[in-house]
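In: Have a look; sequence and predicted model below, questions after that.
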Amino acid sequence: MFSLVNKHEEFFDFLVTNAEYFHKGSLMAREVLQDPSKLERYVKDVKALEHSADKVTHEISAKMRHVFITPIDREDFFLLTTTLDDCVDDIQDVVMCLKLYHAGIGSKLPMRMADILVEMSSELIVLFRLLKSIDKNETEIGERTRKINALESEGDEIYRNAISDLFDGTHEVMEIIRWKEIMEAMEDTANRAEKVGNLIKEVVMKYA
């Protein structure tokens, strides 16, 4: 049975923090799709989130250099850290796309994709808290990572449907360009979040 005693489990708190930043950014993206008047404020806010996440990532790297025993293998932990940091970068890209392409109010499919990102990021917060006790929480971790996989699969279907709708011959060229780019940014973010979930599954397989 795997134990984290004296293995600096507080490292997982850093990952919880960055997962919370990812979640906050996802909420911002969804709110902008609901109310574009919030865009300018949230562009600044999401940039601040990205900078804060970078600081956390740098702090993790610095602390790992001075710790002999880490909660899990250093390479696994570093990959989790950097991939989660990329999620924050990706959600910033989503908000920036909403600004760049003057998105306006989102339709049903983009709104559902935003909901998926909010749900995925919320699951990651819980998962990183559960990782402090891998053996105790193995079952719940498995259930939540499967939920992330299911959400990403739904996101893939939404993306395909959205692209199909855009090219059905009823949309203006600028609208096609605008929403194609936005949906691609959102799908990329969902894919990255699923990658984090899959990395967590791999960690559990090694240490549970």
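Out: Everything's here; your move.

In: need the contact list for G142.
Out: G142 sits next to K201, V204 when contact means CB atoms under 8 Å, 6 or more residues apart in numbering. Where C-beta positions appear, they are placed from N, C-alpha and C, glycine not excepted.

In: I'd like the numbering to begin with 621 instead of 1 from here.
Out: Will do, 621 is the new start, and the previous item becomes G762.

In: Show me the shaky parts of this structure.
Out: With pLDDT under 70 as the threshold, the chain has low-confidence stretches at 621-629, 687-691, 828.

In: Could I have the CA atoms of stretch 752-771 written out in PDB?
Out: In PDB, the C-alpha atoms belonging to stretch 752-771 read as follows (Å, rounded to 0.1, in the frame of the first residue of the first chain):
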ATOM      1  CA  LYS A 752      -3.100  13.100  -1.200                       C
ATOM      2  CA  SER A 753      -4.400   9.700  -0.200                       C
ATOM      3  CA  ILE A 754      -4.200   7.600  -3.400                       C
ATOM      4  CA  ASP A 755      -4.800   4.200  -1.800                       C
ATOM      5  CA  LYS A 756      -7.800   5.500   0.200                       C
ATOM      6  CA  ASN A 757      -9.400   7.300  -2.700                       C
ATOM      7  CA  GLU A 758      -8.500   5.000  -5.600                       C
ATOM      8  CA  THR A 759     -12.200   4.200  -6.400                       C
ATOM      9  CA  GLU A 760     -13.400   7.800  -6.400                       C
ATOM     10  CA  ILE A 761     -10.400   8.900  -8.400                       C
ATOM     11  CA  GLY A 762     -11.300   6.300 -11.000                       C
ATOM     12  CA  GLU A 763     -14.900   7.400 -11.200                       C
ATOM     13  CA  ARG A 764     -13.900  11.100 -11.600                       C
ATOM     14  CA  THR A 765     -11.300  10.500 -14.300                       C
ATOM     15  CA  ARG A 766     -13.900   8.400 -16.200                       C
ATOM     16  CA  LYS A 767     -16.300  11.400 -15.900                       C
ATOM     17  CA  ILE A 768     -13.600  13.600 -17.400                       C
ATOM     18  CA  ASN A 769     -13.200  11.200 -20.300                       C
ATOM     19  CA  ALA A 770     -17.000  11.200 -20.900                       C
ATOM     20  CA  LEU A 771     -17.100  15.000 -20.800                       C
END
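
In: Relative to S646, how far out is L744?
Out: Relative to S646, L744 is positioned 10 Å away (criterion: CB to CB, to the nearest Å).
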